[in-house]
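Chemist: I would like the atomic coordinates for the input below:
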Amino acid sequence: KKAEVTQDAARRLPLDRMLIETDAPFLTPVPHRGKRNEPAYVAFVAQRIAELKGLDVAEVATQTTENAKRLFRLE
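Modeler: A predicted model of the protein is given here:
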């Protein structure tokens, strides 16, 4: 149930308002369940967001990177 709510929110939230993260060290994404979670697995999160929104994963990665830069004033 909680996963459904989270996925619905991901579908509805505009991509230009979204940041992504891995939840490390907890809740390792599929297909790595049972292994130690790490930040490198953020690509799996981006892929799932892309699937939910019907977008290319590169677009999700680019936009969420730009969002983080804007939020943390890295530019």
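
Chemist: rest of the way, CA atoms for contacts and neighbours
Modeler: Will do.

Chemist: Sketch out the helices for this structure, chain order is fine.
Modeler: Along the chain, counting by DSSP state H, helices occupy 2-12, 42-53, 57-71.

Chemist: and residue 34, which of those helices is closest to it?
Modeler: Of all the helices of the chain, it is helix 42-53 that lies closest to residue 34, at 15.2 Å by C-alpha to C-alpha.

Chemist: mind listing what's buried in that closest one?
Modeler: For helix 42-53, burial by neighbour count (16 or more other C-alpha atoms under 10 Å) applies to 42-50, 53.

Chemist: how about JSON lines for those residues, with pLDDT and distance to residue 33 added?
Modeler: Shown next, in JSON lines, are the buried residues of helix 42-53 (pLDDT from 0 to 100; distance: C-alpha to C-alpha, whole Å):
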{"residue": "42", "pLDDT": "94", "distance to residue 33": "14"}
{"residue": "43", "pLDDT": "94", "distance to residue 33": "15"}
{"residue": "44", "pLDDT": "92", "distance to residue 33": "12"}
{"residue": "45", "pLDDT": "93", "distance to residue 33": "13"}
{"residue": "46", "pLDDT": "97", "distance to residue 33": "17"}
{"residue": "47", "pLDDT": "96", "distance to residue 33": "16"}
{"residue": "48", "pLDDT": "95", "distance to residue 33": "15"}
{"residue": "49", "pLDDT": "97", "distance to residue 33": "18"}
{"residue": "50", "pLDDT": "98", "distance to residue 33": "20"}
{"residue": "53", "pLDDT": "98", "distance to residue 33": "23"}
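
Chemist: who wins for proximity to residue 26 among the helices of the chain?
Modeler: Among those, helix 42-53 comes nearest to residue 26, with 12.7 Å by C-alpha to C-alpha.
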